[in-house]
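1. no sequence for this one, just the structure:
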DNA sequence: GACGATTTGGGCGACCTTCCCACAAAACCA
DNA sequence: TGGTTTTGTGGGAAGGTCGCCCAAATCGTC
């Protein structure tokens, strides 16, 4: 349980079950669930979902949500209910907690299936994205790579220095 | 579910029955009715109703009403009767108390049905909005998301900091 | 070619949603 | 006023979904 979990890397092809299940490769599932089976799925862009360790995500989010709740109690958000409501609403549709079943198997929840845009029985690319795991619809993955790969060298140099 | 019982989150699809009833998912119904089965439905915008725990709502409303009453007593609203009148009028039509039946079943009251703009047998999206639960007509939900999702990050930062 | 690890598919049971029907209350009409 | 229809309310139960478990198929390696 290090403060710096491994940097998640790797690209794997998986098929989505008739019941919208897919199994994560152990290389990615293990580090992800090192602190518990709870994860967060989030909508990134059409054709891409991301999967986060709940522990990590909650740490970040809780700080925010706890802050908001604290402010609410303190009355510092009176007259800003609309904004709190809007935030909750957007959070609701963007992300959802899930639990990995045995052997790192994930069920893509209702509401995230259309967003991933992969039909039952179709192919999904499971990609380690450093801080999280991403699920890509194959053609979305292709066009993302085509668009962003050229920046790779500059990005690497910038982050590595 | 989430680690935030007071902060309602989640998005669910439900169908409105022929008699304009729908069942709330347990994840949302339970926290909402923790302090009693009494709730308040309010008109938010065309295609969207909100559902509040009566206890919370009263707290919020009382604060506002007390403020207005205080101002009236202090004579600070002299000459603004029209506005106060309008406020009272809107308060009367905007909201209505309802009771959740067993299994978290809600009857959308007469007068709120047209506002929700979902016909009997149609689909409703049930969304946790932090401080309340919202009922959305699907296309209204889509366009709301399209319009407001881009501000998500800025909103989060603004509220959390 | 065989073995082990991993992925995929299916069975089963529990839970949940929704359909349907029965009953009560209110409204409507003669 | 009395009977009939509409509307609200509650509960039973069918049907679907999901979680859990195990078995078969597949892949890679030795």
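-> Received the coordinates, thanks. All values reported here derive from a predicted model rather than from experimental measurement.
2. And residue A:130, what's its pLDDT?
-> Note for residue A:130: predicted pLDDT of 85.
3. what phi and what psi does the backbone show at it?
-> Dihedral pair for residue A:130: phi 80, psi -80, per degrees, to the nearest 10.
4. beta partners of it?
-> Taking DSSP bridges as the rule, residue A:130 bridges to residue A:8.
5. What number of residues are in the vicinity of it?
-> 11 (other Cβ atoms under 10 Å in any protein chain shown). Where C-beta positions appear, they are placed from N, C-alpha and C, glycine not excepted.
6. what's the nearest residue to the residue in chain A that chain B sits nearest to if we skip its chain neighbours?
-> Of all residues in chain A, residue A:88 sits closest to chain B, at 2.5 Å by Cβ to the nearest Cβ. Closest residue to residue A:88 apart from its sequence neighbours, by Cβ to Cβ, 6 or more residues apart in numbering or on different chains: residue B:130 at 2.5 Å.
7. wouldn't that neighbour be in contact with residue A:84 here?
-> Yes - using Cβ atoms under 8 Å, residue B:130 is in contact with residue A:84, at 5.2 Å.
8. Quick check: neighbours shared by those two?
-> Common neighbours of residue B:130 and residue A:84 (criterion: Cβ atoms under 8 Å, 6 or more residues apart in numbering or on different chains): residue A:68.
9. Can you verify residue A:13 is assigned to a strand?
-> Yes - under DSSP: H, G, I helix; E, B strand; the rest coil, residue A:13 falls within a strand.
10. and it, what is it in contact with?
-> Residue A:13 makes contacts with A:123-126, as judged by Cβ under 8 Å, 6+ apart.
11. Starting from residue A:117, give me the distance back to it.
-> Noted for residue A:13: a distance of 16 Å to residue A:117, by Cβ to Cβ, to the nearest Å.
12. Next: residue A:72.
-> As judged by Cβ to Cβ, residue A:72 and residue A:117 stand 37 Å apart.
13. and what of residue A:129?
-> Per Cβ to Cβ, residue A:129 is found 18 Å from residue A:117.
14. for chain A, longest helix please?
-> For chain A, the helix with the greatest residue count under DSSP state H is helix A:54-73.
15. Please pull up the helix or strand immediately following that helix.
-> helix A:81-94 (DSSP states H and E).
16. That following helix vs strand B:11-15, what angle?
-> Relative orientation of helix A:81-94 versus strand B:11-15 (axes from the mean of the first three to the mean of the last three Cα atoms, to 10 degrees): 80 degrees.
17. For helix A:81-94, which residues meet the burial criterion?
-> Of the residues in helix A:81-94, A:83-94 count as buried by neighbour count, 16 or more other Cβ atoms under 10 Å in any protein chain shown.
18. just stretch A:29-46 next, same as before
-> A:29, A:31-33, A:38-44.
19. residues from chain A in reach of chain B?
-> A:58, A:62-65, A:67-69, A:71-72, A:77-78, A:80-81, A:83-94, A:96-97, A:110-111 (Cβ under 8 Å from any Cβ of the partner chain).
20. and if we set it to 7 Å?
-> Neighbours of chain B within chain A, by Cβ under 7 Å from any Cβ of the partner chain: A:58, A:62, A:64-65, A:67-69, A:81, A:83-93, A:96-97, A:111.
21. Okay then, goodbye and thanks.
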